[in-house]
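K.L.:
predicted model, plus sequence, below.
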Amino acid sequence: MSEGVGEEASADADLLARIAGQDRRAFTALMRRHGDRVRGLALGFSGRTAEADDIMQDVFLMLWRRPGAWQPGGAAFTTWLYRVVANRCLDQARRRRLRRWLPFGEAPEPADDAPTALAALSGRDRLAAVAVMIRTLPDRQRMALLLAVQGGRSNAEIAAILGISEGAAEQLLVRARRRLRAMIDEREAGR
């Protein structure tokens, strides 16, 4: 483990220990360290700003209430944190599908297809279209792809986050990339 990674893990452990003592500054520091990545993963998965904010709030509220949920010596804090976020995203997607299926369920919430800052700056509609395509991938493929691309996670880390074997993680990525490539090719051919 490199020194920087060890220092980061130690800093996270220290912040969580301070949070256990109800230290609000430590909680704020932990949110600043990891909040953008947590929200980015949730937003990339759901495509809904409000849902991403809810997931981020839920994850950090859980950390405030139960800072001992992560234990040093096991998975790295960031791996554990991404797993919590991934599980929340997958649970949210299941609940959304169930609400659509139930006769008294809520009307489906439209995706927030507003272009991201990157899409707006680049002026490319292709980036926005790919983001929409990613949101149509099956949940676990979408999560694996987002962890690899947005989170910069290795196959081993993705496997640990999703609670699957490394080979299964690799297969999720292969299928996600293949399906995404087919959708992009179909879109390009339709122009």
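P.N.:
That came through fine.

K.L.:
flag every buried residue along the strand or helix carrying Leu127.
P.N.:
Element membership of Leu127 [criterion: DSSP states H and E] is helix 125-135. Neighbour counts using 16 or more other C-beta atoms under 10 Å place 128, 130-131, 133-134 of helix 125-135 among the buried residues. For the C-beta atoms, the positions are set from N, CA and C on the backbone; glycine is no exception.

K.L.:
OK, contacts around the most centrally placed residue in the chain?
P.N.:
In the chain, the centroid-proximal residue (C-alpha atoms, centre = their mean) is Leu41; its distance is 2.8 Å. Contact partners of Leu41, counting by C-beta atoms under 8 Å, 6 or more residues apart in numbering, are 82, 85-86, 89, 146-147, 150-151.

K.L.:
so which of those belong to helices?
P.N.:
Residues of the contacts of Leu41 located in helices (DSSP state H): 82, 85-86, 89, 146-147.

K.L.:
if we can go back for a sec, tell me the helices and strands packed up against the helix holding Leu127.
P.N.:
Using 3 or more C-beta pairs under 8 Å, 6 or more residues apart in numbering; DSSP states H and E, the elements in contact with helix 125-135 are helix 24-46, helix 117-122, helix 139-149, helix 166-189.

K.L.:
contacts only, for Gln141.
P.N.:
The contact partners of Gln141, taken as C-beta under 8 Å, 6+ apart, are 172-173, 175-176, 179.
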